[in-house]
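Trainee: Fold the following.
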Amino acid sequence: MDNITELDNLIKLISRLPGLGPKSAKRIILKLINNREEIMLPMSNVLSEIYKNVSRCQNCGMLKSNLKGCNNCEDTNNSYNKICVVENISDQWSIENSSIYKGYFHILGGTISSSNDNRSEDLLIQSLVDRVKRDSIEEVIIATSATIEGQTTAFYIQDSLRETGVKISKLAQGLPVGGEIENLDDGTLLSAFKNRKEIES
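Mentor: I've put the predicted structure just below:
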């Protein structure tokens, strides 16, 4: 953008966000520049605070405040006997917004994949096993995507939980092959949850 290094660097960064390219990045930057006090300054302050004070919980994978702790792990108001396992926080948000499921969540932080060098030890699978043992969980619902990576991860989770004896189920019909949880509508999610099938050990 007129060979201003700072702007070029910002365009590159914004272009890396999902669904955005260089053209969208330039429009966003112009909006920020034209609203320096109303949008740019408050946004830069909020981003700085989030960088310092928000991180992923290493126990359940949800976002937590470094100042207050993890609401999910420290919630004493609700007691559930189910954990829904999803790949990413965006999947959790989609399921929460649909009001279909009431229970704990466990966010893996991705899938086992050779294409992005994710390995089983990079995901929060062992902490899932620990939670099942510690919190008297009766059912683990595997809600990974219907991609090859998602199914590979689901099989690995199933194998990791075998010794716990917990009931393991998987989202059923309504989940299209290759589909990702965050892109499903509420009706499809409802069908997938209501018709989930128990996985035989």
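
Trainee: just checking, what packs against the worst-scoring helix or strand of the chain on mean pLDDT?
Mentor: Lowest on mean pLDDT, DSSP states H and E among the helices and strands of the chain sits helix 186-194, with a mean of 71. Under the contact criterion of 3 or more C-beta pairs under 8 Å, 6 or more residues apart in numbering; DSSP states H and E, helix 186-194 touches helix 89-98. (C-beta placed from N, C-alpha, C; glycine too.)

Trainee: what is the orientation angle of the helix it packs on with helix 186-194?
Mentor: Counting by axes from the mean of the first three to the mean of the last three C-alpha atoms, to 10 degrees, helix 89-98 lies at 100 degrees to helix 186-194.

Trainee: right, and the helix or strand after helix 89-98?
Mentor: Next along the chain after helix 89-98, taking DSSP states H and E as the criterion, comes strand 104-107.

Trainee: any idea how far the closest residue in space to L108 that isn't next to it in sequence is from W93?
Mentor: The shortest distance from L108 to any non-neighbouring residue, by C-beta to C-beta, 6 or more residues apart in numbering, is to L123 (4.4 Å). For L123, the distance to W93 equals 19 Å [C-beta to C-beta, to the nearest Å].

Trainee: Show me which of these two is the more surrounded one.
Mentor: L123 (21 against 14; other C-beta atoms under 10 Å).

Trainee: so what's that one up against?
Mentor: Counting by C-beta atoms under 8 Å, 6 or more residues apart in numbering, L123 touches 108-112, 153.

Trainee: Identify the residue with the minimum pLDDT among these.
Mentor: Scanning the contacts of L123 for pLDDT, the smallest score is found at I112, 86.

Trainee: S169 - that's part of a strand, no?
Mentor: Yes - judged by DSSP: H, G, I helix; E, B strand; the rest coil, S169 forms part of a strand.

Trainee: State whether D130 is indeed within a helix.
Mentor: Yes - using three-state DSSP, the assignment for D130 is a helix.

Trainee: can you pull out the strands in this structure?
Mentor: Ranges of strands in the chain, per DSSP state E, are 54-56, 63-65, 82-86, 104-107, 139-142, 167-170, 197-198.

Trainee: which other helices and strands contact the shortest one?
Mentor: Same thing as strand 197-198. Judged by 3+ C-beta pairs under 8 Å, 6+ apart, the packing partners of strand 197-198 are strand 167-170.

Trainee: Contacts for the strand it packs on, please.
Mentor: 138-143, 154, 157-158, 161, 196-199, 201.

Trainee: Export the strands of the chain to a markdown table and append columns for distance to I11, mean pLDDT and mean neighbour count.
Mentor: Below are those laid out as a markdown table (distance: least, C-beta to C-beta, whole Å; pLDDT from 0 to 100; neighbours: other C-beta atoms under 10 Å):
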| stretch | distance to I11 | mean pLDDT | mean neighbour count |
| --- | --- | --- | --- |
| strand 54-56 | 25 | 93 | 13 |
| strand 63-65 | 27 | 91 | 16 |
| strand 82-86 | 32 | 94 | 23 |
| strand 104-107 | 30 | 93 | 24 |
| strand 139-142 | 39 | 94 | 22 |
| strand 167-170 | 42 | 92 | 19 |
| strand 197-198 | 47 | 75 | 10 |
